[in-house]
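Enquirer: please find the sequence and the predicted model below.
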Amino acid sequence: MLISSPYRPHNPGHDYYEAGAYLITLVVTERERCLSTLGTDARQPSVALSPTGRIVSEEWEKTAAIQREKGRKIRTLAQVCMPGHWHGVIVVEERMDIALGTIINAFKSVCTSRWRREVTAYVQPPCTAAMIRRMSKEARRTYYASRPRIERPLFDDDYDDTICIDSDHLQRMLTYVADNPRRAILRQLHPQFMQRCLHVIIGGEDYAAFGNLFLFRWANKVQVFCHRKARLAQLSPAERQQHGYTYDALPTLTTTVPYESTLHFQHQREAWISQILAGATVLVTPGISKGELTMKNDCLSHGYPLIHLQAEPIGPYWKPEQSRFEACANGRLLILAPWHLDDKSPVNGIPATSDYSRFHNLNTLAAQICSFDGEARIVGL
């Protein structure tokens, strides 16, 4: 029933008529905070629906029954009305005669109709609903931009979908929806640790940033850089013998032994953790290779300070997954996404857009961050 497919939105090549599970996100027009009000206690997060939010919630609860009457087998598993946006999880149980987008757009349309009828003093605009539907997306945007807010739809013209990969992913979707209010309250309570900085310059390099920018001021920044395969010099005598390497081979020889499985890595890992526990040390890594990923996860699970470089861009509404979100909320994590990573120089003649070059270029930036002793300059939020 669950679809294996890449992430959002409206993935090219994905069959939206077919069975699958999806996390749907709708954004209120102009991000107007009209659906709900959040509480202030992250330990007991609460959401108080507005009249508009109640309409949206009620219509989502009706969606499965309405579609089943038309012979379409779907289930709606969860939803949450945040002040300015909405999340819901929907499962399509078997192939449909219409695409998922038709169902979502119908849901949005009925929410707008009830909102206008029950909450606002709506007057029919010059263009009828049928005329507006026949417009192109760009024409609709131009038309709505010239009209008062009351004449615009409740939600933005588009929507966002995340396609479920497997049953574990579905559970993470449900957890994400349920946990959304607590995460939002944490952002309100700890704005100094939850900054989304869209442009910061560090040593002449441009980054987008999310998290605790104060971590950059720590005096001792240590890079975690691990190749995927160990070099011969990193193997103990017993490991050399175990894997059949002779003593007269070049020490710089790259072996077939995963670095994270060696004694050398275990000793290095202990040294990094000792530096952290001694105080005033923050690790810096993209967390790509298994060894780097192990250290990144150590930091996230134990609350160690970390600066994490990632290839994924950070946009205005981007949010990290739960483990990194929690670390940001606790002031223990700064996420940096370099601008124009794929425009950097090729590594060993391999295009900069390859995973190999991204790995090396991110680690080069990590080394620069560790050696930089100036001030990061915030250009814009």
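Expert: Structure received. Numbering: from 1, shown residues only.

Enquirer: so what's Glu138 up against?
Expert: Contact analysis of Glu138 by Cβ atoms under 8 Å, 6 or more residues apart in numbering lists nothing. Heads up, the C-betas are built off the backbone N, CA and C, glycines and all.

Enquirer: quick one: it from Ala145, how far?
Expert: 11 Å (Cβ to Cβ, to the nearest Å).

Enquirer: wait, doesn't Gly53 sit right on Ser36?
Expert: Yes: at 4.6 Å, Gly53 counts as touching Ser36 under the criterion of Cβ atoms under 8 Å.

Enquirer: identify the contacts common to those two.
Expert: Cys81.

Enquirer: mean confidence score for the lengthiest helix in the chain?
Expert: As assigned by DSSP state H, the longest helix anywhere in the chain is helix 167-189. Helix 167-189 shows an average pLDDT of 87 in the prediction.

Enquirer: who's in contact with it?
Expert: 2, 21, 23, 38-42, 45-47, 77-80, 82-83, 87-89, 162, 164, 194, 319, 322, 325, 329.

Enquirer: how far away from the center of its chain is that helix?
Expert: 12 Å (Cα atoms, centre = their mean, to the nearest Å).

Enquirer: wasn't Ile314 part of a helix?
Expert: No: assignment of Ile314 by DSSP: H, G, I helix; E, B strand; the rest coil gives coil, placing it outside any helix.

Enquirer: got the phi/psi numbers for it?
Expert: With angles defined as degrees, to the nearest 10, Ile314 sits at phi -110, psi 110.

Enquirer: how about the longest helix of the chain: buried residues?
Expert: Buried residues in helix 167-189, defined by neighbour count with 16 or more other Cβ atoms under 10 Å: 169-170, 172-173, 176-177, 180-187.

Enquirer: next secondary structure element downstream of it?
Expert: Downstream of helix 167-189, the next assigned helix or strand under DSSP states H and E is strand 195-202.

Enquirer: now that following strand: buried residues?
Expert: 195-198, 200, 202.

Enquirer: and for stretch 352-371?
Expert: 352, 357-363, 365-366, 369-370.

Enquirer: likewise stretch 262-276?
Expert: Buried residues in stretch 262-276 (16+ other Cβ under 10 Å): 262, 264-265, 268-269, 272-273, 275-276.

Enquirer: from the buried residues of stretch 352-371, which is closest to Leu100?
Expert: Arg358 (32.5 Å; Cβ to Cβ).

Enquirer: got a list of what the closest one touches?
Expert: Per Cβ under 8 Å, 6+ apart, neighbours of Arg358: 288, 311, 341-342, 352.

Enquirer: that's a strand at it, yeah?
Expert: No: counting by three-state DSSP, Arg358 is not part of a strand but helix.

Enquirer: how much space separates it from Ala19?
Expert: 34 Å.

Enquirer: and Asp166, how many neighbours?
Expert: Residues lying near Asp166 (other Cβ atoms under 10 Å) number 12.

Enquirer: swap in Ile378?
Expert: Quick note: Ile378 (other Cβ under 10 Å) scores 14 neighbours.

Enquirer: pLDDT-wise, which helix or strand of this protein ranks last?
Expert: helix 129-133 (a mean of 68; mean pLDDT, DSSP states H and E).

Enquirer: so after that one, what's the next helix or strand?
Expert: Next along the chain after helix 129-133, taking DSSP H and E as the criterion, comes helix 137-145.

Enquirer: name the next helix or strand downstream of that next one, please.
Expert: Using DSSP H and E, the first helix or strand after helix 137-145 is strand 160-163.

Enquirer: who does that next one pair up with?
Expert: strand 20-27 (antiparallel) (DSSP bridges).

Enquirer: so for the strand it pairs with, mean pLDDT?
Expert: For strand 20-27, the mean pLDDT works out to 93.

Enquirer: tell me the angle of it relative to helix 167-189?
Expert: Calculated by axes from the mean of the first three to the mean of the last three Cα atoms, to 10 degrees, strand 20-27 forms an angle of 20 degrees with helix 167-189.

Enquirer: and strand 20-27, C-alpha only, in CSV?
Expert: The C-alpha atoms that make up strand 20-27 are tabulated as CSV, following Å, rounded to 0.1, in the frame of the first residue of the first chain:
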residue,chain,number,x,y,z
GLY,A,20,-0.1,5.4,-1.3
ALA,A,21,0.2,7.4,1.9
TYR,A,22,0.9,11.2,2.0
LEU,A,23,1.6,14.0,4.4
ILE,A,24,-0.2,17.1,3.0
THR,A,25,0.6,20.6,4.0
LEU,A,26,-1.6,23.6,3.2
VAL,A,27,-0.6,27.2,3.9
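
Enquirer: hang on, the earlier thing: list just the nearest of the buried residues of strand 195-202 to Arg72.
Expert: For the buried residues of strand 195-202, the nearest to Arg72 is Arg196 (38.5 Å; Cβ to Cβ).

Enquirer: the contacts of Arg358, buried ones only, as a PyMOL selection?
Expert: In PyMOL, a selection of the buried entries from the contacts of Arg358 looks like this (16+ other Cβ under 10 Å):
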select buried, resi 288+341+352
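
Enquirer: what about the contacts of Arg358, which are in helices?
Expert: Per DSSP H, the subset of the contacts of Arg358 in helices is empty.

Enquirer: save the buried residues of strand 195-202 as JSON lines, and put in distance to Cys299 too.
Expert: What follows is those, written out as JSON lines (distance: Cβ to Cβ, whole Å):
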{"residue": "Gln195", "distance to Cys299": "19"}
{"residue": "Arg196", "distance to Cys299": "21"}
{"residue": "Cys197", "distance to Cys299": "21"}
{"residue": "Leu198", "distance to Cys299": "24"}
{"residue": "Val200", "distance to Cys299": "21"}
{"residue": "Ile202", "distance to Cys299": "20"}
